[in-house]
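Enquirer: Here's a sequence, model it:
(2 chains)
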Number of protein chains: 2
Amino acid sequence: MEKTQELEQLVAPLRDDLLSGAAEIALRAIFVFQTMLQGTDQMPVAAVHSLLTKTARALTGAQPAMAPLFHLGNSVLLSVRGAATVTDIQQRCQEALDRFEKQLCDSAAVIADIVFDLIPPGESVFAYSFSSTVVSALANARSRGKYFRVVCTEARPALEGRKLASTLASGGLEVIHTFDNALGIVLPTCRAAFMGCDCVGRPGLVNKIGSWPLAMACKELNIPIYALCGTEKFVDDERLFEFEKHERPGEEVWDAAPKGVRVLNHQFELIPLSWLTGLVTEQGILKEKDIERYVSRLEVHDALKLESSAF
Amino acid sequence: MEKTQELEQLVAPLRDDLLSGAAEIALRAIFVFQTMLQGTDQMPVAAVHSLLTKTARALTGAQPAMAPLFHLGNSVLLSVRGAATVTDIQQRCQEALDRFEKQLCDSAAVIADIVFDLIPPGESVFAYSFSSTVVSALANARSRGKYFRVVCTEARPALEGRKLASTLASGGLEVIHTFDNALGIVLPTCRAAFMGCDCVGRPGLVNKIGSWPLAMACKELNIPIYALCGTEKFVDDERLFEFEKHERPGEEVWDAAPKGVRVLNHQFELIPLSWLTGLVTEQGILKEKDIERYVSRLEVHDALKLESSAF
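Expert: As a prediction, this is how the structure comes out:
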């Protein structure tokens, strides 16, 4: 199948992207849906429905920890449900993609405004991994005239912390950078910490590995720590644990490990919500008790339910 | 001065060694003293005294965090004090070196026997950085028939955790290895943690950077954590903070950091003694309250006193 191959070619770079955050990858996934819709005018309606289902599943499976990819696919599938012509499918799909893109961008803008007030002027703040939401919030604060330093670490093994440092520095922010293990040296100099989020639910928040020691250290040092996440990161309990599927080859950590050494390369981990000062969302700063309200009203399309997706 | 150049050539590799622990480097420093004594037969007595003082200061300054280097130099200088002939100096120096070497080796053996009882059979234990004392203790337990797994992380930026993993694996131990940031994934699977020590005093224990998050995480997870350190690691309060002098070039962390990014490369950090379950020494397992007794009776040669060493 030509379209199936094309889908795999479009999804592969998103699956192998270890440097970008969930919101950034979701924006690129919109383009995947748009590309898949091209050339479908003459296809049977059922085939186009099937194509969108495959696309939604492929994107969700590409980065199982990243809730926005699931929500994007879910929105598309729920929107085109019952569409009886290809034109109707195309139109409803495009509307769903537009809504999703607008929601992501609007969320980021509201979150950035909230974060502005959380940055103590003239002080250092810690930022971890690479999150486009964190970057835009910090850049927004700087461009609105607030002076502060950002401290960040490498985020081994993919080193997306360097991408964060470079991006912030190119935006005129002063950056202090070191290796991940040096957390105990640099974190005590910070007055707040910010991280992104891949998904969040009742059992906790999932983010890039390294977030657990950071959140624990913030608790120990009484430094407020916020996860920046629009409500498109909220998922039900089962989906939350999908992140455990995302293990990468040990060779990416150590390419020449000797016999007898097993190398682990996990990507994401769960952080207790009680360790976080708050979740900065487009609905304001939420606490653990607020999560229930969002996850209890999630509607999941049958094709993306975890029971049925083992096809 | 020929001897001064020779000293610098002998000391440089010890200063640049980021992969070895304090006990291992101290054993190599014994050889530096022996080499410096060669060819001194025809030198004036005062010149030989001066040479030994320079050697002790150079070694202490090469790795300011590593207490055994200070104690080695201090033992030599205290031993040769008042020696009136070159032969007398040579003899007393060699005796001091022999005593120090024997003490290091005897300590490691006693510590290994204590550690044997601290390893829960069939379980995983965590080991951090590279410490010859930790390696010999774990290898000893394995060779005495105890089966267990060792979990360790890289220890960026010098990656001495890989040296640890390779050494243990070549000794027949099963090793699980990952990057430092993945502590929250692997540590909960461990039943005990062991680390080396560069120096210890009333304000805390100094060890390779990364020990602070490890000890904090062990506290959080209620995992017993032991620092393995002979009493040759004990120092007074002023010397303890010498570790802060040991900062390496940022290029060793990131060789191409962009403008606006300042890269820090600290090597050692202070861990509160209250976070450690105990210090495993040749005198048994010591607690915070026991430290006083050892540091209060330390005699420091005038040439190595911190006030006078700014020559």
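Enquirer: could you pull out the strands for chain A?
Expert: With strands called from DSSP state E, chain A shows them at A:124-128, A:149-153, A:174-178, A:190-195, A:199-201, A:204-208, A:225-228, A:261-263, A:268-271, A:278-281, A:284-286.
Enquirer: Now tabulate those strands in a markdown table and tack on mean neighbour count and distance to chain B.
Expert: Bear in mind the C-beta positions are built from the backbone N, C-alpha and C, glycine included. Formatted as a markdown table, those follow (neighbours: other CB atoms under 10 Å in any protein chain shown; distance: least, CB to the nearest CB, whole Å):
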| stretch | mean neighbour count | distance to chain B |
| --- | --- | --- |
| strand A:124-128 | 25 | 10 |
| strand A:149-153 | 25 | 8 |
| strand A:174-178 | 22 | 4 |
| strand A:190-195 | 23 | 13 |
| strand A:199-201 | 28 | 17 |
| strand A:204-208 | 27 | 8 |
| strand A:225-228 | 28 | 15 |
| strand A:261-263 | 19 | 5 |
| strand A:268-271 | 23 | 5 |
| strand A:278-281 | 24 | 19 |
| strand A:284-286 | 16 | 23 |
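Enquirer: Could you export the ones you listed as TSV, including distance to residue B:52?
Expert: Supplementary listing: the strands of chain A in TSV, determined by distance: least, CB to CB, whole Å:
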stretch	distance to residue B:52
strand A:124-128	46
strand A:149-153	43
strand A:174-178	38
strand A:190-195	46
strand A:199-201	63
strand A:204-208	53
strand A:225-228	52
strand A:261-263	43
strand A:268-271	53
strand A:278-281	61
strand A:284-286	64
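Enquirer: any chance of the ones you listed in a markdown table, plus mean pLDDT and distance to residue B:177?
Expert: Compiled in a markdown table, those are given as follows (pLDDT from 0 to 100; distance: least, CB to CB, whole Å):
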| stretch | mean pLDDT | distance to residue B:177 |
| --- | --- | --- |
| strand A:124-128 | 97 | 23 |
| strand A:149-153 | 98 | 20 |
| strand A:174-178 | 98 | 22 |
| strand A:190-195 | 98 | 25 |
| strand A:199-201 | 95 | 28 |
| strand A:204-208 | 96 | 19 |
| strand A:225-228 | 98 | 28 |
| strand A:261-263 | 97 | 5 |
| strand A:268-271 | 96 | 17 |
| strand A:278-281 | 97 | 33 |
| strand A:284-286 | 97 | 38 |
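Enquirer: Just give me the neighbour total for the nearest residue to residue A:101 once chain neighbours are set aside.
Expert: With CB to CB, 6 or more residues apart in numbering or on different chains as the measure, residue A:30 is the residue that lies nearest to residue A:101, at 5.7 Å, once sequence neighbours are left out. The burial metric for residue A:30, expressed as a neighbour count using other CB atoms under 10 Å in any protein chain shown, is 19.
Enquirer: Could you do residue A:239 as well?
Expert: Applying other CB under 10 Å, we find 23 other residues in the vicinity of residue A:239.
Enquirer: One more: residue A:95?
Expert: Counted by other CB under 10 Å, the residues lying close to residue A:95 total 14.
Enquirer: And residue A:21, by the same measure?
Expert: 26.
Enquirer: Quick check: the closest residue to it other than its chain neighbours vs residue A:276, distance?
Expert: Excluding its sequence neighbours, the residue lying closest to residue A:21 (CB to CB, 6+ apart) is residue A:131, at 4.0 Å. With distances defined as CB to CB, to the nearest Å, the gap from residue A:131 to residue A:276 amounts to 14 Å.
Enquirer: May I ask you to name the longest helix in chain A?
Expert: helix A:86-118 (DSSP state H).
Enquirer: Remind me what that helix packs against, helices and strands.
Expert: With contacts defined as 3 or more CB pairs under 8 Å, 6 or more residues apart in numbering or on different chains; DSSP states H and E, the secondary structure elements packing on helix A:86-118 are helix A:22-37, helix A:45-62, helix A:67-80, helix A:132-143, strand A:190-195, strand A:225-228, strand A:278-281.
Enquirer: and among those, the most buried is which?
Expert: With neighbours defined by mean count of other CB atoms under 10 Å in any protein chain shown, none of the helices and strands packed on helix A:86-118 is more surrounded on average than strand A:225-228, at a mean of 28.
Enquirer: May I have the strands that pair with that one, each with its orientation?
Expert: Next to strand A:225-228 in the sheet, as set by DSSP bridges, lie strand A:190-195 (parallel), strand A:278-281 (parallel).
Enquirer: Would you tell me which of the ones you listed gets closest to residue A:102?
Expert: The closest of the strands paired with strand A:225-228 to residue A:102 is strand A:278-281. By CB to CB, the value is 16.0 Å.
Enquirer: residues making contact with the closest one?
Expert: The list of residues contacting strand A:278-281 from outside it, by CB atoms under 8 Å, 6 or more residues apart in numbering or on different chains, reads A:107, A:111, A:114-115, A:118, A:197, A:200, A:205, A:226-231, A:273, A:285-287, A:290.
Enquirer: let's see 7 Å
Expert: Strand A:278-281 has contacts (CB atoms under 7 Å, 6 or more residues apart in numbering or on different chains) with A:111, A:114-115, A:200, A:226-231, A:285-287.
Enquirer: Of the residues you listed, which is the nearest to residue B:217?
Expert: Residue B:217 lies nearest to residue A:227 out of those, by CB to CB, at 19.7 Å.
Enquirer: what sits opposite the closest one in the beta ladder?
Expert: In this structure, residue A:227 has the following beta-bridge partners (DSSP bridges): residue A:195, residue A:279.
Enquirer: Is there a neighbour count for residue A:287? I'd like the number.
Expert: Taking other CB under 10 Å as the criterion, the count of residues near residue A:287 is 12.
Enquirer: And it, how far from chain B?
Expert: 21 Å (CB to the nearest CB, to the nearest Å).
Enquirer: pLDDT score for that residue?
Expert: The pLDDT attached to residue A:287 in the predicted structure is 94.
Enquirer: In contact with it: list those residues for me.
Expert: Under the contact definition (CB under 7 Å, 6+ apart), the residues listed for residue A:287 are residue A:278.
Enquirer: Could you do residue A:172 as well?
Expert: residue A:142.
Enquirer: Please apply the same query to residue A:228.
Expert: A:111, A:115, A:131, A:133-134, A:137, A:194, A:196-197, A:280.
Enquirer: Which residues of the stretch 201-311 of chain A lie near chain B?
Expert: Contact residues (CB under 7 Å from any CB of the partner chain) of the stretch 201-311 of chain A with chain B: A:209-210, A:212-213, A:216-217, A:220, A:253-254, A:257-266, A:269.
Enquirer: in the stretch 201-311 of chain A, what spans have low per-residue confidence?
Expert: Using pLDDT under 70 as the threshold, the predicted model of the stretch 201-311 of chain A has low-confidence ranges A:307-311.
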